[in-house]
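Undergrad: what's the 3D shape of this:
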Amino acid sequence: MFPVRVAARPGGKADKIPLIKWGSGATAVEAQVRRLWAEFPGAFTGVVTGRGSDLYVVDVDEPAALEASGLNLAFGQRVATRRAGGEHYWFSSPEDGRTVPNSADGGLDVRGDGGYVVCWGKPPACTLAPLPADVAEWARSRRREVSSGAELPETIPEGSRETYLVSLAGSMRSRGAGLSAITAALTCENAEKCLPPLEAEDIDRIAGSVSGYVAGKAPAPGADGVLRALAGRKKRQPA
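TA: Model (predicted):
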C-alpha cells in the first residue's frame, strides 16, 4: 500500500496521484506504513495489484458495461467505490499464473500486473477466489494501459492520455518540479505523443492539480483498516 492524493474534477471523475514512487515504495510493513502516513496525513490508500500482492481488481464504473461484457464476477469480493453505482471486485491470481495487464473498455476496468487501485471502502480480509479465466482473457485481449513504471511510449492512444500525463506529472512533482516545469513537459508530451492531443485547458488542469499537493480528505476505512485487512488475508499458495 502507499499514499495517494485524489483531486476531484468536473463530471464526477478524479485524478489519482501517487505521493511516492509506488512501484518501489509501496509496503505492507506496519512501521513503514505509519511513517508514510505521518508524512502524508489524510492521504487516500493505494493498493498494488498483480502477482506480487496476489490481488486483481475488476473496477465496474458502469453496470451496463459489465452486463454487455457477459463476464461473471459473482465469486469476487465486492468493495465499495466513490462513484455512485460503481463497485470493485477483488480476486487473487488467476489459476494459469500468466500476466494479466491493466485494461479498460467502456466503463469496465481490470487492474492487474503493474497497476493499483485506490481503496475507498473496507477491503475483504478473507481468502479471495482466483480471477476467472474469462476475465483474465478479456483483459489480455484489450489494450494494455500505460503504467507509471514502464518506459515512455512513442504514442499514447485515446483512453490512456490522462492516465499517462497524470503519472508523468506526479513523477516530476515528487522530484520537486514546479507548476511551470510540469506544464511545459506535459504540453510537449501531449503535442508529440497523444493521439489526439488533449486540449490546453486539460493540460493546465492536470498540471495545476498535481503541483498543488493539497492533502485529501481522510479515506474510509483509512490506512490502518486497509493494513489490518490485508494482513489478515491468507495469501493463496501457487499450484
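Undergrad: which strands and helices sit next to the strand ranked longest in the chain?
TA: Longest strand in the chain, counting residues (DSSP state E): strand 2-8. Here strand 2-8 touches strand 14-18, helix 30-39, strand 44-48, strand 116-118, helix 200-212, going by 3 or more CB pairs under 8 Å, 6 or more residues apart in numbering; DSSP states H and E. (Glycine included, C-beta is placed from N, CA and C.)
Undergrad: deepest of these, which one?
TA: The highest mean neighbour count among these, using mean count of other CB atoms under 10 Å, belongs to strand 44-48: a mean of 24.
Undergrad: I'd like to check the angle between that one and helix 30-39, please.
TA: 140 degrees (axes from the mean of the first three to the mean of the last three CA atoms, to 10 degrees).
Undergrad: Does anything pack onto strand 44-48? Which helices or strands?
TA: Against strand 44-48 (3+ CB pairs under 8 Å, 6+ apart) you get strand 2-8, strand 14-18, strand 116-118, helix 223-232.
Undergrad: Partner strands of it and their direction?
TA: Here strand 44-48 has these sheet partners by DSSP bridges: strand 2-8 (antiparallel), strand 116-118 (antiparallel).
Undergrad: of the ones you listed, which approaches residue 176 most closely?
TA: strand 2-8 (16.0 Å; CB to CB).
Undergrad: In PDB, please show the C-alpha coordinates belonging to the closest one.
TA: Output of strand 2-8 as PDB, limited to C-alpha atoms (Å, rounded to 0.1, in the frame of the first residue of the first chain):
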ATOM      1  CA  PHE A   2       1.000   3.600  -0.500                       C
ATOM      2  CA  PRO A   3      -0.400   7.100   0.000                       C
ATOM      3  CA  VAL A   4      -2.400   8.700  -2.900                       C
ATOM      4  CA  ARG A   5      -3.800  12.200  -3.400                       C
ATOM      5  CA  VAL A   6      -7.200  12.400  -5.100                       C
ATOM      6  CA  ALA A   7      -8.200  15.600  -6.900                       C
ATOM      7  CA  ALA A   8     -11.900  15.900  -8.000                       C
END
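Undergrad: and the helices and strands packed on strand 44-48, which one's lowest on average pLDDT?
TA: When the helices and strands packed on strand 44-48 are compared by mean pLDDT, helix 223-232 comes last with a mean of 64.
Undergrad: Perfect, I'm done here.
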